[in-house]
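[1] Can you look at this prediction? I've put the sequence above it.
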Amino acid sequence: MTTVKGLQSFLDSNLSKVNQKLQFPLVKGKTKKGHSEYTFQGINPRISLFVSGTEADIWFLLNENHKDIIVDLSVGSKFTSGIGYFCDECKVPIFKTEDELYFSHFVADLQKIQRKYFKSNMYLLYKGSKSGGFFFTQICTLAELKKLDSDTRTEYKRDQMVLIAIERITF
């Protein structure tokens, strides 16, 4: 019987191959409570990839009380004997190995995220509700940032939230 090893195991055994495909390589940090943390070389260290099992998320971590998910990169892998591995969301294509599936889905999505957001003119806005119960992360260009209302840094007055941080994506 073949079992699914998951994203965390995939990254543990293929990190150097994955990093060859990325503009901003992953740097493995601590592993605790069943998940591994990675930062991106050359990227704001508050932006981290958390991986466990089949789950992978990129988070902005300002501090213990202020954090928000930026993007979900989770890939559920299934195996059918005699057929192969497939993503549980798209069902096709079918891959001969689980590693092929993760390179096709997870690594390709990570490359797209890096190309789209990991640029020198990109900024991360971290906002919170005035009550403190809701936090929101927005990635925008410097030009878009300058267009936002100067007092609230939101496009619409009805969306006013407390601006907690504006940070560069790259360093």
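    Sure, I can see it.
[2] and Lys17, that one's in a strand?
    No - looking at Lys17 with DSSP: H, G, I helix; E, B strand; the rest coil, it is helix, so not inside a strand.
[3] what number of residues lie near it?
    Neighbour count for Lys17, taken as other C-beta atoms under 10 Å: 13. In this view, the C-beta of every residue, glycine as well, is placed from N, C-alpha and C.
[4] That one: what's it in contact with?
    Applying C-beta atoms under 8 Å, 6 or more residues apart in numbering to Lys17 gives no contacts.
[5] what's the answer for Leu73, then?
    Residues in contact with Leu73 (C-beta under 8 Å, 6+ apart) are Leu49, Ala56, Asp57, Ile58, Phe106, Asp109, Leu110, Ile113.
[6] Need phi/psi at it.
    phi -120, psi 20 (degrees, to the nearest 10).
[7] and the helix or strand of the chain with the lowest mean pLDDT, what does it pack onto?
    Within the chain, no helix or strand scores below helix 142-147, which has a mean of 84 by mean pLDDT, DSSP states H and E. In terms of contacts (3 or more C-beta pairs under 8 Å, 6 or more residues apart in numbering; DSSP states H and E), helix 142-147 is packed against strand 122-128.
[8] Pull the residues that contact the strand it packs on.
    For strand 122-128, the surrounding residues in contact (C-beta under 8 Å, 6+ apart) are 44, 47, 60, 62, 66, 68, 70, 134-142, 145, 148, 153-154, 161-170.
[9] still on that earlier bit, just checking, which helix or strand succeeds the least confident helix or strand of the chain along the chain?
    Next helix or strand after helix 142-147 toward the C-terminus (DSSP states H and E): strand 162-168.
[10] just the angle between that following strand and strand 122-128, please?
    Angle of strand 162-168 versus strand 122-128, following axes from the mean of the first three to the mean of the last three C-alpha atoms, to 10 degrees, is 160 degrees.
[11] So which elements touch strand 162-168?
    Applying 3+ C-beta pairs under 8 Å, 6+ apart, one finds that strand 162-168 contacts strand 122-128.
[12] cutoff 10 Å now
    Applying 3 or more C-beta pairs under 10 Å, 6 or more residues apart in numbering; DSSP states H and E, we find strand 162-168 packed against strand 55-63, strand 66-72, strand 122-128, strand 135-141.
[13] Perfect, I'm done here.
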